[in-house]
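# build me a structure from this.
(2 chains)
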Amino acid sequence: MRDPVFSARSLTKTYTSGEVAVHALREVDLEIFPGEVVVLLGPSGSGKSTLLNIMGGLDRATSGHLFFRDLELTGLDDRGLTAYRRRHVGFVFQFYNLIPSLTAKENVALVTEISERPMRPAEALAMVGLEARMDHFPAQLSGGEQQRVAIARAIAKRPEVLLCDEPTGALDSKTGIRVIEALLTINRQLGTTTLIITHNASIQDVADRVLFFADGRISRTHKNEVRRAAAELIW
Amino acid sequence: MHVLDLKLLRDVKRLWAQALAIALVVAGGVATLVLAVGSFRSLDETRNAYYERYRFADVFASVRRAPKTLIDDISKIPGVAAVDARIAKLALLDIPGLREPATGQFISLPEVRKSTLNQLYMRIGRGPEPLSPNEVVVSESFANAHGFVPGSPFSAILNGRKRELVIVGIALSPEFIFAVGPGDIMPDDRRFGIVWMSEKALASAYDLEGAFSSVNLKLLRDISEREVIQRLDALLERYGGRAAHGRKEQTSHAWLDHELDMLNNMSRTLPPIFLVVAAFLVNVTLSRLVALEREQIGLLKAVGYGQWTIAAHYIKFVIIITVIGIAIGSAAGTWLGTIVTTLFGDFFRFPFLVFTYSPDVYITAAMLSLLAAIVGAIRALWDVVRLPPAVAMQPPAPPHFRRVLPAAFALDSVLSQPSIMMLRNIARHPIRAGFTMLGMALATAILVVSLFTNDTMEQLIDVTYFLSDRQDATVSFVEKRPRDVVMQMARLPGVLAAEPYREVPVRIRNGSIERRIMISGRPRDADLNRIIDVDLRPVVLPDVDLAISGLLAQILGVHVGDLVEVDLLEGQRRTVSLPVSALVEDYFGIRGMMDAGALARLMREAPAMNSVNLSYDQNKSDEFYAAIKGMPIVSGVALQRMSLANFRETVALLITTMASIYTGLAAIIAFGVVYNSARISLSERARELASLRVLGFTRGEVLRILLLELALLTLIAQPPGWAMGYGLAWIMKTNLAGELMRVRLVVEHSTYVLASAIVIVAASFSALIVRQRVNQLDLVSVLKTRD
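So this is what the prediction gives:
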């Protein structure tokens, strides 16, 4: 078997929200391999997002170790994490997080400007089927379209990993399927390791592996022998 | 162009209304400084250039009659660069169509050459021909007040003889920028004018051939004025010389100096306050605005932008807004400065104006504004940029709300839920609420300090014209007269009461500090011209004791009961010691007052008088004026009503014009503060308010929650705003106090009310704009995006 992209040992995250202490992750061990599509399932507050944020360098673990290939993310300072995000990671969020004052193309260019070997923004938008809408502002795009712009923005720098937090959470089924399709296309064409958090259990059928979360731990793992195409999903 | 810069420009465009409001606050601060410093420097330069070009003298003296041969001795006094000896006489004028008597200050012009000092700037016409003794040049303000043109006639009583005169020229002189008639406090252009005549004509009218009665000196640089004056006094003494004096005591110069000083002090007092207030407000506003960008900052971090790049991006954002403000402020300040310079220049009748634009002022204002803005941005960025992006992209964790009061005091029984939300919101963000309140309070304060001058002017008028100097007229005599002239005056038509008045020039001293003042002797029981002490009570002086202006006591460092040394500068010129027994509340000049009998004994002379204060029946004023016009012993009549009207038209007008400009700028700043506070609260709470709308609250209810907090903060901010305003007014009054004119700090309740009303109107206006925004809240999108 090839070397893992991510490997986590006893990864733990505790934080306080308001006046409550929350154990978001409890000693999680995990390995993710190149080119894998992994779906993370579980109820709210089970630790999926926390894990994804730490893997993406958006947040820090309280204890434990997390490696991206040979790079120990848990040992990096803010500057190191910024460089790591800039070089290796693409994000897709539930609420798109587009800059409202920039057009679709400019939102993508926001990332390509600071990347080392990016695709052209138009090319990235073409991969998600939005080449015709690239001069529109976020407010002029539908939810599905905005999410696909976010995906184009995430993959335009050819990241090794694509981290998606509820990418279809705010979308209806038809547009949701188009978004999943876009993610799978990129995975196929660029070999990007893709992690998808979802509440929608039916999406698990497109994954290589499914991780079930409960109470800050991975409660079980399921491996799909056959991956379905996005078009075959029913939700 | 970088995408981030594109975002920057679009953000500025999107937030244009707020950006403009902030820029206006900056502009208000910058404009005040540019306006005040610019106009002061321009006028100061103009005056210097005027004095220089028209050779304004340094030392001034008058004598009864001195031979021209003395001029040679005077010019040999070490340090004297030029001497100009001439004839100067006061005389009553009879002007066609003018009911009241007027006074002319007659000055001789040499026949062949120009005067060496105090040269004329001819506006129209020419100088008098030596062979035409009735030709005169008059001062422009006097000519304008009567519509005189070359060719206009009027008559004067010169040395007891009536002379018909004809105007051949109209001129300005650096010596009479402010022309104040005898016994008057304020210039009265209708009733006092300067009349220049050929020396030959004037000399023959006053039997002064080969003699002079006034001498002016120009000194070399770095020469002790005091020494020259002492030597000059010694030379002139036997010819009936009155104590010579420098520019400081020359009426026109002193007034001009005072006016410019006042402008200068205003420029040192108000603009720094405005600028600091504006800077503070910009700081607070921008830091809140940047804090609102929390989620976008998180996103930029998430996609790999470094802290410095993000910080630079937002700092550029505030710089753009600030630079817009600086540009508006500089332009407006320059424009207003030109207006003020022209206004004052016209008032002073400067023959030309020198506009100076000093880059240091613009740079100072710009730097201070930028610094405040950038510090504000960094303050906000500091908190946000340090957050891990995952946290920054989420809204801030629910804040620790707590009960404002213990549960036992169940507020909800008394207050509605919206009111409780408001109170908890204030309690939750005490610092933010504090800053907002401080901003509003400062807005009120700068309005108070701009508006209070009106109150102090009214108080000044009240004390001067109605409490202290209650006479209708002050008649001055050409020379001192025996006391019994008062009986003659009392018999004039319409006269109800007459009080004689004797003035003696003195030097008053305590230790090394001395001033040249006039001591006036007055009847002990004087009822027209009363001594009002610093507690605003009329005072009766004990025998031999001296009352002095409160300010003079401060300058000399003496209190009631202390002794001061007094050099009498007339008659026998002795030096005496006198006890100070009262401090006088007066606002013009510094002076001393004594019982007339005591003063006569001090002078070792028979009771005498220089002037008499009269009250007369207004119905008989025509007869009274006619009688005065026929009295050659009279040099001039000061009329209190005219003086008051002139005061209102001139000094008060200038001060209130400045105050109005400042009030306008303060109002703009106030509006900027309130509008920004409202707009930013709306942005900060858009989600919460939209949620309420979704729950079924009406627009009005939602608006009330938002505005209730603002209204409460605005109201709470008023009393501290008044207090700060009073403090600032005190600083300004103290800075404006001068020996020539000063005010007592009075801030009427109505001023506080007006200041607060302006802030409240600004707040209401902001509320209207914010209401538009609340109505436009897109409920779905607010709830759907960014969670």
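# show me where the stretch 601-750 of chain B has its strands.
Using DSSP state E, counting those that start in this stretch, the strands found in the stretch 601-750 of chain B span residues B:608-616, B:634-639.
# now what about stretch B:468-480, what contacts it?
The contact list for stretch B:468-480 (CB atoms under 8 Å, 6 or more residues apart in numbering or on different chains) reads B:89-90, B:182-184, B:485, B:489, B:499, B:501-502, B:527-532, B:585-586, B:608-616, B:618, B:628, B:632-641. In this view, the C-beta of every residue, glycine as well, is placed from N, C-alpha and C.
# so which strand or helix has the residue nearest to B:G727 when sequence neighbours are not counted?
With CB to CB, 6 or more residues apart in numbering or on different chains as the measure, B:A445 is the residue that lies nearest to B:G727, at 7.8 Å, once sequence neighbours are left out. Taking DSSP states H and E as the criterion, B:A445 maps to helix B:430-461.
# average pLDDT for that helix?
Helix B:430-461 shows a mean pLDDT of 85 in the predicted model.
# show me what that helix is packed against.
Packing contacts for helix B:430-461, counted by 3 or more CB pairs under 8 Å, 6 or more residues apart in numbering or on different chains; DSSP states H and E, involve helix B:251-291, helix B:640-649, helix B:651-684, helix B:699-736, helix B:749-776.
# does B:I315 touch B:I374 like I think?
Yes: the pair formed by B:I315 and B:I374 meets the contact definition of CB atoms under 8 Å, at 5.8 Å.
# centre-most residue in chain A?
For chain A, the residue whose C-alpha lies nearest the mean C-alpha position (CA atoms, centre = their mean) is A:L163; its distance is 1.4 Å.
# contacts made by the helix or strand it falls within with the rest, please.
When secondary structure is defined using DSSP H and E, the element that contains A:L163 is strand A:161-165. With CB under 8 Å, 6+ apart as the test, strand A:161-165 has contacts from A:5-6, A:32, A:48-49, A:52, A:55-56, A:68, A:88-94, A:151, A:154-155, A:183, A:186-187, A:192-197.
# switch to 7 Å and redo it
If you take CB atoms under 7 Å, 6 or more residues apart in numbering or on different chains as the criterion, strand A:161-165 is touched by A:5, A:49, A:52, A:55-56, A:88-94, A:154-155, A:183, A:186, A:192-197.
# stretch A:87-96 now?
Stretch A:87-96 is touched from outside by A:56-57, A:68, A:116, A:146-147, A:150-151, A:154-155, A:157, A:159-167, A:169-170, B:302, B:785-787, with contacts defined as CB under 7 Å, 6+ apart.
# and that stretch, end to end?
Looking at stretch A:87-96, the gap from its leading to its trailing residue is 20 Å under the measure CA to CA, to the nearest Å.
# and it, how far out from the chain's middle?
For stretch A:87-96, the separation from the chain centroid amounts to 5 Å (computed by CA atoms, centre = their mean, to the nearest Å).
# mind listing what's buried in that stretch?
Across stretch A:87-96, burial judged by 16 or more other CB atoms under 10 Å in any protein chain shown covers A:88-96.
# same check on stretch B:679-689?
Residues of stretch B:679-689 classed as buried by neighbour count (16+ other CB under 10 Å): B:679-687, B:689.
# sorry, back to before: can you tell me how far the closest residue to the residue nearest to the centre of chain A other than its chain neighbours is from A:L30?
The shortest distance from A:L163 to any residue that is not its chain neighbour, by CB to CB, 6+ apart, is 4.7 Å, and that residue is A:G56. Computed with CB to CB, to the nearest Å, the distance linking A:G56 and A:L30 is 14 Å.
# neighbour count winner among these two?
Summary of the neighbour comparison: A:G56 and A:L30, criterion other CB atoms under 10 Å in any protein chain shown, with A:G56 having more neighbours (26 against 17).
# residues from chain A in reach of chain B?
Counting by CB under 7 Å from any CB of the partner chain, the positions of chain A adjacent to chain B are A:17-19, A:53, A:58-60, A:82, A:85-86, A:91, A:95, A:97, A:99, A:101-102, A:106, A:109-111, A:113-114, A:170.
# buried among these? Need that as a selection in ChimeraX.
In ChimeraX, selecting the buried portion of these, with burial taken from 16+ other CB under 10 Å, looks like this:
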select /A:53,58,59,60,82,85,86,91,95,97,99,101,102,106,109,110,111,114,170
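# just the ones of the residues of chain A next to chain B in helices?
In helices, defined here by DSSP state H, the members of the residues of chain A next to chain B are A:53, A:82, A:85-86, A:106, A:109-111.
# and the end-to-end length of stretch B:465-481?
Here the two ends of stretch B:465-481 are set 26 Å apart, with distance taken as CA to CA.
# residues of that stretch that come out buried?
B:465, B:468-478, B:480-481.
# and the gap between A:N53 and B:F178?
Plainly put, A:N53 is 77 Å away from B:F178 if you go by CB to CB.
# how about A:Q189?
In this structure, A:Q189 and B:F178 are separated by 89 Å, where distance is defined by CB to CB.
# where do the helices of chain A begin and end?
For chain A, applying DSSP H gives helices covering A:48-55, A:78-88, A:104-112, A:121-127, A:143-155, A:173-190.
# B:V323 is nearest to which of those?
Checking these against B:V323 by CB to CB gives helix A:104-112 as the closest, at 24.2 Å.
# ok, B:F588 touching B:M741?
Yes: the pair B:F588 / B:M741 is scored as a contact, 5.5 Å apart, by CB atoms under 7 Å.
# neighbour count winner among those two?
B:M741 (21 against 18).
# now the more buried one: how far from B:V448?
As judged by CB to CB, B:M741 and B:V448 stand 22 Å apart.
# now do the contacts for whichever residue of chain A sits closest to chain B.
Distances between chain A and chain B by CB to the nearest CB are smallest at A:R86, namely 2.8 Å. A:R86 sits next to A:114, B:304 when contact means CB under 7 Å, 6+ apart.
# repeat the analysis, applying 8 Å as the threshold.
A:R86 touches A:114-115, A:157, B:303-305, counting by CB under 8 Å, 6+ apart.
# I'd like to know how many residues surround the residue in the stretch 351-500 of chain B that chain A sits nearest to.
Distances between the stretch 351-500 of chain B and chain A by CB to the nearest CB are smallest at B:A390, namely 3.7 Å. B:A390 has 22 neighbours, counted by other CB under 10 Å.
# contacts only, for it.
Under the criterion of CB under 8 Å, 6+ apart, the contact partners of B:A390 comprise A:53, A:56, A:58-59, B:298, B:302.
# which members of those are the farthest-apart pair?
With distance counted by CB to CB, no two of these lie farther apart than A:G56 and B:G298, which are 12.3 Å apart.
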